[in-house]
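for reference, the sequence and a predicted model appear below.
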Amino acid sequence: MSGMVYAPRGVSRALETGAAWLLGFLWVLPLLYAFWTAFHPAEFSTRFALTAPLTLENFERAWAAAPFARYFLNTVILVTMVLAAQLVLVTLAAYSFARFEFPGRNVLFALVLVQLMIMPDVLIVENYQTMTKLGIKDTILAIGLPYMASAFGIFLLRQTFKTVPRELDEAARVEGCTPLQVLWKVYVPLARPTYLAYALVSVSYHWNNFLWPLIITNSVEARPVTVGLQVFSATDQGLDWSVITAATLLTTAPLLIAFLLFQKQFVQSFMRAGIR
Amino acid sequence: MTSARTQQWILAWLLLLPAMVLLVLFTHYPAVATFWQSFFSTPKGSRAAVFVGAENYEQLVADPIFWQALSNNFWYALGTIPASIVIAILMAIWVNEKIAGRGFLRLAYFTPTILPMIAVANIWLFFYTPEYGLLEKFLGVFGAGSHNWLGSKSTALPALMVVTIWKEAGFFMIFYLAALQSMSPYLAEAAAIEGASRWYFFRRVTFPLLMPTTLFVLVNAIINAFRLVDHIVVMTRGGPDNATALLLYYVYEIGFRFWDTAYAAALTVILLAILGLVALVQFFFLERRVHYQ
């Protein structure tokens, strides 16, 4: 609650702290379990003993059993490509909506907002046919293309741009800046926290995205790590759970480590992205 | 000679152009084309698609799996959304207080959010495994017999709901935490002076002030309930006996395993209609009633 006036006291404080911890424990339990399984030999995957030896063998076997290095590379390319394109497209569009008067502005903005509800995630059948027609099926570009014009990003950045004082804009124009220079020198620097927030949300979204990449790719050269993980764990290679769990942790490791290191920025970014 | 105003217009349009082209190509066009295609047959080999009127929709109405997917999706939304919201509010209130171990709790609650659903599904799949899984081991201590959680019709969907709640509650917590932090501490002080109990203060002050956040979360949660089926692909493939087939998963199955694109288009139209309805309700009903800063 806001303020400390209503912070629980005495017995109820102990009870609430206990409940919060119980929930916290339940929430980390599946992850702890995954770590246990991945770092111990298979015979200990469901047996808990303090004497169980630690091992990295599961990770070695997982890494050797599938081209994870290539999958990682694909994901990094995908995430970078999508983010770069998004930043450019979203900046230009948001600037136009925030600071220009032109006929059709409201209609066009409404058309942009449609994507907040109808995301590319549900238009898989038709987008698959489009990619086939464009001849780019089974490429990293095809995974990213439907997401590059992001309504969410346009909306978020437009809100930020609208808070930039007009005087700054006009001062820059008086000094002879063209509209694009104003955008670059005034708006973009002032929106840095929004860009960071958007970038973190975008990267984690596309690192984690699965169904569309699963549909549109079918080769090692294009598959992102999520699809690679699924192909690896679904094909019956007689792998035991410890290896699959190790692979699972492997694929999430970069994001998980980044999150643990920059926890505050992540949480603040997600917060910022959610407030409108 | 173009006036300064016309130049402004042209510049504004040019700035919008790249984003609009991609939006039209991958959102508006496919939405309209899906609708159009749903009135044609699936092209097979050399046989081109022919106009079949409402045939795909007739097939849909007569398809028990479609109705089951629709009802599954409805129960799935009903089973996950209120629970996620209640847990999210609790979490937010707890980590907003000076509770012992606040940093760890915040981390514990939020971590599932940043993991890919597919990885989460893999971990929980093992968790639920009959005989070997942790859940079985745990229940075994209490003398409970073995149960195939994902393999039996009555527990498969609830088992998936638990995964969704686990993954989403921490995400929604963030928005509640932001709202709580922006609330004025004077409200609590004033209420305390008036002698309001903690629960009364929550019910009459905090919760109503969180309403805009709740609606934002609600809309997001509904969209997610229809948009995210990654865990179904990994954990149950819609089974057993379609007990966990959600609408989008059924679209995926019809479209990419049976390659019946016309029928998949008709199914997608239903999905789009539901999402459109959510948008309309939000726009005309909720946005007018809720006060945003």
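Everything's here; your move.

hmm, stretch A:167-174 touching chain B?
No: judged by C-beta under 8 Å from any C-beta of the partner chain, stretch A:167-174 makes no contact with chain B; its nearest approach is 12.2 Å. C-betas here are computed from N, CA, C, even on glycine.

mind listing what's buried in that stretch?
Buried residues in stretch A:167-174, counted by 16 or more other C-beta atoms under 10 Å in any protein chain shown: A:169, A:172.

what's the separation between residue B:282 and chain A?
According to C-beta to the nearest C-beta, to the nearest Å, residue B:282 stands 8 Å off from chain A.

now residue B:142
17 Å.

what does the pLDDT read for that residue?
Listed pLDDT for residue B:142 reads 75.

how many neighbours does it have?
Neighbourhood size, residue B:142 [other C-beta atoms under 10 Å in any protein chain shown]: 6.

equivalent analysis for the one 10 residues further on, please.
Each residue near residue B:152 was counted by other C-beta under 10 Å, and the total is 14.

check which helix or strand covers it.
For residue B:152, there is no helix or strand it lies in under DSSP states H and E.

is it in contact with residue B:240, as I believe?
Yes: Residue B:152 lies in contact with residue B:240 (C-beta atoms under 8 Å); the separation is 6.7 Å.

and residue B:72, how many neighbours?
Around residue B:72 there are 24 residues (other C-beta under 10 Å).

a helix runs through it, doesn't it?
Yes: counting by DSSP: H, G, I helix; E, B strand; the rest coil, residue B:72 is part of a helix.

who touches it in this structure?
Contact analysis of residue B:72 by C-beta atoms under 8 Å, 6 or more residues apart in numbering or on different chains lists B:157, B:242, B:243, B:244, B:245, B:246.

how about 7 Å then?
B:157, B:244, B:245, B:246 (C-beta atoms under 7 Å, 6 or more residues apart in numbering or on different chains).

closest one of those to residue A:149?
Each of the contacts of residue B:72 was scored against residue A:149 by C-beta to C-beta, and residue B:246 proved nearest at 27.0 Å.

can you check the pLDDT for that closest one?
Value listed for residue B:246 in the pLDDT field: 93.

how many other residues sit next to the closest residue to it other than its chain neighbours?
Leaving aside its sequence neighbours, residue B:246 sits nearest to residue B:73 (C-beta to C-beta, 6 or more residues apart in numbering or on different chains; 4.8 Å). By other C-beta under 10 Å, the residues close to residue B:73 number 21.

and the gap between residue A:137 and residue B:73?
29 Å (C-beta to C-beta, to the nearest Å).

what's the weakest-modelled helix or strand in chain A?
When the helices and strands of chain A are scored by mean pLDDT, DSSP states H and E, helix A:263-274 comes last with a mean of 75.

which residues does it contact?
In contact with helix A:263-274 (C-beta under 7 Å, 6+ apart) are residues A:156, A:193-194, A:196-198, A:200-201, A:259, B:107, B:110, B:114, B:174-175, B:178, B:216.

export it to CSV, keeping only CA atoms.
This file holds the C-alpha atoms of helix A:263-274, laid out as CSV (Å, rounded to 0.1, in the frame of the first residue of the first chain):
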residue,chain,number,x,y,z
GLN,A,263,17.3,-6.3,-13.2
LYS,A,264,16.4,-2.7,-12.3
GLN,A,265,16.5,-1.5,-15.9
PHE,A,266,14.5,-4.5,-17.0
VAL,A,267,11.8,-3.9,-14.4
GLN,A,268,11.7,-0.2,-15.0
SER,A,269,11.6,-0.7,-18.8
PHE,A,270,8.6,-3.0,-18.5
MET,A,271,7.0,-0.5,-16.2
ARG,A,272,7.6,2.4,-18.6
ALA,A,273,6.3,0.4,-21.5
GLY,A,274,3.1,-0.4,-19.7
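
buried residues in it?
A:263, A:266, A:267, A:268, A:269, A:270, A:271, A:272, A:273, A:274.

quick check: the farthest pair among those?
Within these, A:263 and A:274 form the most distant pair, 16.8 Å apart (C-beta to C-beta).

flag the shaky bits of the chain, pLDDT-wise.
Went with chain A since none was named. Where chain A drops to pLDDT under 70, the residues are A:1-5, A:45-48, A:236-239, A:273-276.

sorry, I should have been clearer: chain B.
In chain B, residues with pLDDT under 70: B:1-2, B:131-132, B:143-145, B:286-293.

give me the three-state assignment for the most centrally placed residue in it.
Closest residue to the average C-alpha location of chain B: residue B:224 at 1.5 Å, with C-alpha atoms, centre = their mean. Here residue B:224 is recorded as helix under three-state DSSP.

which non-adjacent residue is nearest it?
Per C-beta to C-beta, 6+ apart, closest to residue B:224 is residue B:168, 6.9 Å.

so that neighbour is in contact with residue B:84, correct?
Yes: between residue B:168 and residue B:84 there is a contact under C-beta atoms under 7 Å: 4.7 Å.

quickly list what's touching both of the two.
With C-beta under 7 Å, 6+ apart, residue B:168 and residue B:84 have common neighbours residue B:221.

please tell me how far the closest residue to residue A:29 other than its chain neighbours sits from residue B:116.
Excluding the flanking residues, the one nearest residue A:29 by C-beta to C-beta, 6+ apart is residue B:134, at 7.7 Å. Per C-beta to C-beta, residue B:134 is found 21 Å from residue B:116.

and residue A:229, by the same measure?
Distance from residue A:229 to residue B:116, by C-beta to C-beta: 8 Å.

contact residues of the stretch 51-200 of chain A facing chain B?
By C-beta under 7 Å from any C-beta of the partner chain, the residues of the stretch 51-200 of chain A that approach chain B are A:89-90, A:92-93, A:95-96, A:100, A:102-103, A:108, A:111-112, A:114-115, A:117-127, A:130, A:145-146, A:148-149, A:154, A:179.

drop anything exposed from the residues you listed.
Using 16+ other C-beta under 10 Å as the burial test, those include A:89-90, A:92-93, A:95-96, A:100, A:102, A:108, A:111-112, A:114-115, A:117-127, A:130, A:145-146, A:148-149, A:154, A:179 as buried.

I figured the residue nearest to residue B:246 hits residue B:245, correct?
No: the pair residue B:73 / residue B:245 is not scored as a contact, 8.7 Å apart, by C-beta under 7 Å.

mutual contacts of these two, please.
Common neighbours of residue B:73 and residue B:245 (C-beta under 7 Å, 6+ apart) do not exist.

ok, the spatially closest residue to residue B:117 that is not a sequence neighbour - contacts?
Nearest residue to residue B:117 in three dimensions, chain neighbours excluded: residue B:230, at 4.0 Å (C-beta to C-beta, 6+ apart). By C-beta under 7 Å, 6+ apart, the contact list for residue B:230 reads A:210, A:211, B:117, B:118, B:121.

name the residues that touch the helix or strand the fourth one falls within?
Secondary-structure assignment from DSSP H and E places residue B:118 in helix B:117-128. The contact list for helix B:117-128, computed with C-beta under 7 Å, 6+ apart, reads A:30, A:33-34, A:37, A:208, A:210, A:226, A:229-230, A:233, A:241, A:244-245, A:248, A:251-252, B:112, B:133-135, B:149-150, B:159, B:163, B:167, B:228, B:230-231, B:234-235.

need the buried residues of helix A:263-274 in a markdown table (columns: distance to residue B:250).
Below are the buried residues of helix A:263-274 laid out as a markdown table (distance: C-beta to C-beta, whole Å):
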| residue | distance to residue B:250 |
| --- | --- |
| A:263 | 38 |
| A:266 | 34 |
| A:267 | 36 |
| A:268 | 38 |
| A:269 | 34 |
| A:270 | 31 |
| A:271 | 35 |
| A:272 | 36 |
| A:273 | 31 |
| A:274 | 30 |
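
which non-adjacent residue is nearest whichever residue of the stretch 151-276 of chain A sits closest to chain B?
Nearest residue of the stretch 151-276 of chain A to chain B: residue A:208, at 3.6 Å (C-beta to the nearest C-beta). Spatial nearest neighbour of residue A:208, chain neighbours left out: residue B:116 (3.6 Å); criterion: C-beta to C-beta, 6+ apart.

after the helix holding residue B:118, next one along is what?
Helix B:117-128 is succeeded, C-terminally, by helix B:134-141 (DSSP H and E).
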